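Colleague: I would like to see how this sequence folds:
(2 chains)
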Amino acid sequence: MSYSEEILSQFDSYTAGKMTPDERDIFEASLEKDVALKQAFDDYLNLTAGLSAFGYAEISEKITEWEAEIVAETETKVVPLKRWYMIAATISLLMVAAFSWWKFGIQDSSEDLYASYYQPYPDILTSRGAGETLMSEALYSYESGNYDLAIDKLNQVLADDQDNSELRFYLGQAYLANSDAINAQAVFKALINEKNFALSDASQWYLALAYLKTGDTIAAKEMLQQINRDTNHAYREKSKQLIERLN
Amino acid sequence: MVKDQLNINASLIDKVLENDEAFLKALYKEWRDEFKSWFGRKYQLNDAESSEVYQDTFLQLFINIKEGKVTEVTHPKTYLYGIGKNLMRQKFRNDGKSMRSLEDVDPVDEDDYLIKLDRMEQHRETIQVLKHFGDPCRTLLMMFYFEKFSHEVIAERMGYKNEKVVKKKKSICMSELRKFWSDFRNKAKMI
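Modeller: The predicted model follows:
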């Protein structure tokens, strides 16, 4: 049952309390008699409440952004995201996976797989109470999800410290998180050949994901197979699973 | 600038109803440090906790105005602190704790302050569906059901010929959303 203009107008008037007592009685009586109408009305209530919740969720995200901006301006330590926001983010990730499955069918697309496996790499370089430096500001922006600002600041730091592999790694992370998989690939490609680099395994894994993000499944598979051949690789198990799903 | 604007207390409600982001952001910054300092000392909260309370309180202020629970705010900051204190009372009640400093919480009608964050949890599925629901339908429905704009205002803002066109478009959009939502729920159950 679709919502005709007349039905929708009735629902709007009823919920807004704009009906006369007689109109209200008639409307409530028809809800009792007509199962389809009752179902349509219940769905209407759910959807309109959902629209409000969506609006408030957007405002709440804005507030979280404002807070992060203020903290970034004044402190170097990371303020934890609000509890509900973290829960919502987790649920959101799961729902995105579910939505993608529904939208594209049972067969995984590279975008689905990317969404299933991608998680931003946490900031392990800065610590609470660390001095306020451009680097810590950049990483704070990264942790706060302000990726444009993070990229800008990381590039500023790297202009004077080009060989800083860790920071280049986070630049790649920020690009990837910002949906710029092409630039992320360029950064990670350079990093996977670095010797004695603590984040080498992670660079390989994220390069594979960056390939997936752009739909280059051949390059992604090659990278994953390379990871899989290394028995001590930190991402070997995940790579195995991903190869299976790609196949 | 914000301080000047805040002197006109009535403007707070208008600005919230208009979703004036620049004003609200400036206001958020304006009140933040004092609020955090006061709540931090009063309830022995650490920095992260007082930030969380402030964010929730500010959101609740927004929701209360948006939903018409308050139509006049003579002293916005006092109102804000009242919301904050009630959120604290809820928080400690939920945590099964008692606190001496909560005894002096304003005896207000708690229904006016009950946190609405739960609603976002309850409707997370619809929120997710709406993230993928395209425009102009989403904007139109948000303008009517969240912003509470009239059909005439929507016609003007979205460039439709008149309110009749908006009503027609709205019924099409709601039908599409219902189908979209229903399909999503059915498929999600299969996973």
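Colleague: only C-alpha atoms for contact and neighbour calcs from this point on.
Modeller: Fine.
Colleague: So which residues of chain B form helices?
Modeller: B:2-7, B:10-17, B:21-43, B:47-66, B:76-94, B:117-122, B:124-131, B:137-145, B:151-158, B:163-190 (DSSP state H).
Colleague: any idea which of those helices scores lowest on pLDDT?
Modeller: The minimum mean pLDDT among the helices of chain B belongs to helix B:2-7 (a mean of 45).
Colleague: can you tell me which residues contact the residue lying closest to A:Glu5 once chain neighbours are set aside?
Modeller: Distances taken as C-alpha to C-alpha, 6 or more residues apart in numbering or on different chains place B:Ser171 nearest to A:Glu5, at 5.3 Å, with adjacent residues excluded. The contact partners of B:Ser171, by C-alpha atoms under 8 Å, 6 or more residues apart in numbering or on different chains, come to A:3-5, A:8.
Colleague: Inside helices: which ones of these?
Modeller: Short answer: these in helices (DSSP H) are A:5, A:8.
Colleague: In JSON lines: the contacts of B:Ser171, plus neighbour count and pLDDT.
Modeller: Formatted as JSON lines, these follow (neighbours: other C-alpha atoms under 10 Å in any protein chain shown; pLDDT from 0 to 100):
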{"residue": "A:Tyr3", "neighbour count": "21", "pLDDT": "89"}
{"residue": "A:Ser4", "neighbour count": "16", "pLDDT": "90"}
{"residue": "A:Glu5", "neighbour count": "17", "pLDDT": "90"}
{"residue": "A:Leu8", "neighbour count": "21", "pLDDT": "93"}
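Colleague: any idea which of the contacts of B:Ser171 is closest to A:Asn183?
Modeller: A:Tyr3 (46.3 Å; C-alpha to C-alpha).
Colleague: does the closest one really touch B:Glu176, like I thought?
Modeller: No: with contact defined as C-alpha atoms under 8 Å, A:Tyr3 does not reach B:Glu176; the gap is 9.0 Å.
Colleague: Tell me, how many residues neighbour residue 20?
Modeller: No chain was given, so I picked chain A. 11 (other C-alpha atoms under 10 Å in any protein chain shown).
Colleague: Chain B was what I was after
Modeller: Count around B:Asp20 with other C-alpha under 10 Å applied: 12.
Colleague: and what of A:Ser109?
Modeller: 19.
Colleague: go on, B:Lys161?
Modeller: 11.
Colleague: Could I get the contacting residues of the closest residue to it other than its chain neighbours?
Modeller: The shortest distance from B:Lys161 to any non-neighbouring residue, by C-alpha to C-alpha, 6+ apart, is to B:Ala155 (6.5 Å). By C-alpha under 8 Å, 6+ apart, B:Ala155 lies in contact with B:161-163, B:165-166.
Colleague: Let's see if you can find the most crowded of the residues you listed.
Modeller: B:Val166 (23 neighbours).
Colleague: can I assume that one is in contact with B:Ile154?
Modeller: Yes: here B:Val166 lies in contact with B:Ile154, judged by C-alpha under 8 Å, at a distance of 7.2 Å.
Colleague: so what's in contact with those two at the same time?
Modeller: B:Tyr160.
Colleague: Show me what from chain B comes close to chain A.
Modeller: B:25, B:28-29, B:48, B:51-52, B:55, B:59, B:63, B:117, B:119-121, B:123-128, B:130, B:141-142, B:145-146, B:167-168, B:170-172, B:174-175, B:178, B:184, B:187-188, B:191 (C-alpha under 8 Å from any C-alpha of the partner chain).
Colleague: Give me the buried entries from those residues.
Modeller: For the residues of chain B next to chain A, a burial check counting by 16 or more other C-alpha atoms under 10 Å in any protein chain shown picks out B:25, B:28-29, B:48, B:51-52, B:55, B:59, B:63, B:117, B:119-121, B:123-128, B:130, B:141-142, B:145-146, B:167, B:170-172, B:174-175, B:178, B:184, B:187-188.
Colleague: Excluding covalently adjacent residues, which one is nearest to B:Lys36?
Modeller: B:Ser50 (5.3 Å).
Colleague: what's the spacing between the closest residue in space to B:Val165 that isn't next to it in sequence and B:Lys169?
Modeller: Once flanking residues are discounted, B:Val165 sits nearest to B:Ala155: 7.7 Å by C-alpha to C-alpha, 6+ apart. Counting by C-alpha to C-alpha, to the nearest Å, the separation of B:Ala155 from B:Lys169 is 10 Å.
Colleague: following the host helix or strand of A:Leu224, which helix or strand comes up?
Modeller: In this assignment (DSSP states H and E), A:Leu224 forms part of helix A:217-229. For helix A:217-229, the following helix or strand on the C-terminal side (DSSP H and E) is helix A:236-246.
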